[in-house]
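Student: sharing a sequence plus its predicted fold:
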Amino acid sequence: MTNGSEGFIALMSESALKDGDMIEADTDGHKLLVARVGDDFFVADAHCPHLHANLTKGTIEGTVVTCPLHGSRFDLTDGHVLRWTSWEGAVKSMAEFVRHPRSLRVYETEIFGGVLRVGPQKEFPAKA
Ligand code: FES
């Protein structure tokens with residue numbers, strides 16, 4: 001392997017991100033969230049699956065990103081929903097009816113030659 005894995009493209013220098021950083025990157029018009037947690041890197045769609053707010057304007061704690069608009073939370077390790085909006089009661093039920101909870105798309109990453117590279121979308125087995 002001289003150029004890194006096939007299907008992966010360079011995003012930025014590994015050293016461009018410090019532990020706890022979360023920034024937006026662009027690959028051919030596709031906006032991505034890029035985060036570093038310790039020595040691990042995570043790449044996901046930058047826009048919230050709820051109503052498309054820019055998640056990089058939200059907050060990150062460990063691998064959990066919180067949307068700045070309505071407070072949905074996603075785990076960057078696999079994109080699963082930890083909370084679908086911060087609304088409660090009937091408003092939350094209505095929100096879930098109108099817009100069913102859906103996971104955040106997350107992508108494979110690799111470091112090659114000091115460069116963070118993004119690959120295909122991560123796939124997970126369907127939950128029973
Ligand atoms: S747009 Fe992210 S929670 Fe509504």
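Tutor: That came in fine, so what should we check first? Residues are numbered from 1 along each chain as shown.

Student: export the helix-or-strand element of the chain with minimal mean pLDDT to PDB, keeping only CA atoms.
Tutor: Ranked by mean pLDDT, DSSP states H and E, the helix or strand of the chain with the weakest confidence is helix 89-98, at a mean of 86. Taking C-alpha atoms only, helix 89-98 is exported to PDB below (Å, rounded to 0.1, in the frame of the first residue of the first chain):
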ATOM      1  CA  GLY A  89     -44.100  15.300  25.700                       C
ATOM      2  CA  ALA A  90     -46.600  15.800  22.900                       C
ATOM      3  CA  VAL A  91     -44.200  18.100  21.000                       C
ATOM      4  CA  LYS A  92     -41.600  15.400  20.900                       C
ATOM      5  CA  SER A  93     -44.200  12.800  19.800                       C
ATOM      6  CA  MET A  94     -45.400  15.000  17.000                       C
ATOM      7  CA  ALA A  95     -41.800  15.700  16.000                       C
ATOM      8  CA  GLU A  96     -41.000  12.000  15.800                       C
ATOM      9  CA  PHE A  97     -44.200  11.400  13.800                       C
ATOM     10  CA  VAL A  98     -43.400  14.200  11.300                       C
END
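
Student: which regions of the chain lie under the pLDDT threshold?
Tutor: Within the chain, the stretches with pLDDT under 70 are 1-2, 126-128.

Student: which helices and strands does the next helix or strand after the least confident helix or strand of the chain pack with?
Tutor: Scanning forward in sequence from helix 89-98 by DSSP states H and E, the next helix or strand is strand 106-112. Applying 3 or more CB pairs under 8 Å, 6 or more residues apart in numbering; DSSP states H and E, one finds that strand 106-112 contacts strand 40-45, strand 115-121. Backbone N, C-alpha and C define where each C-beta goes, glycine included.
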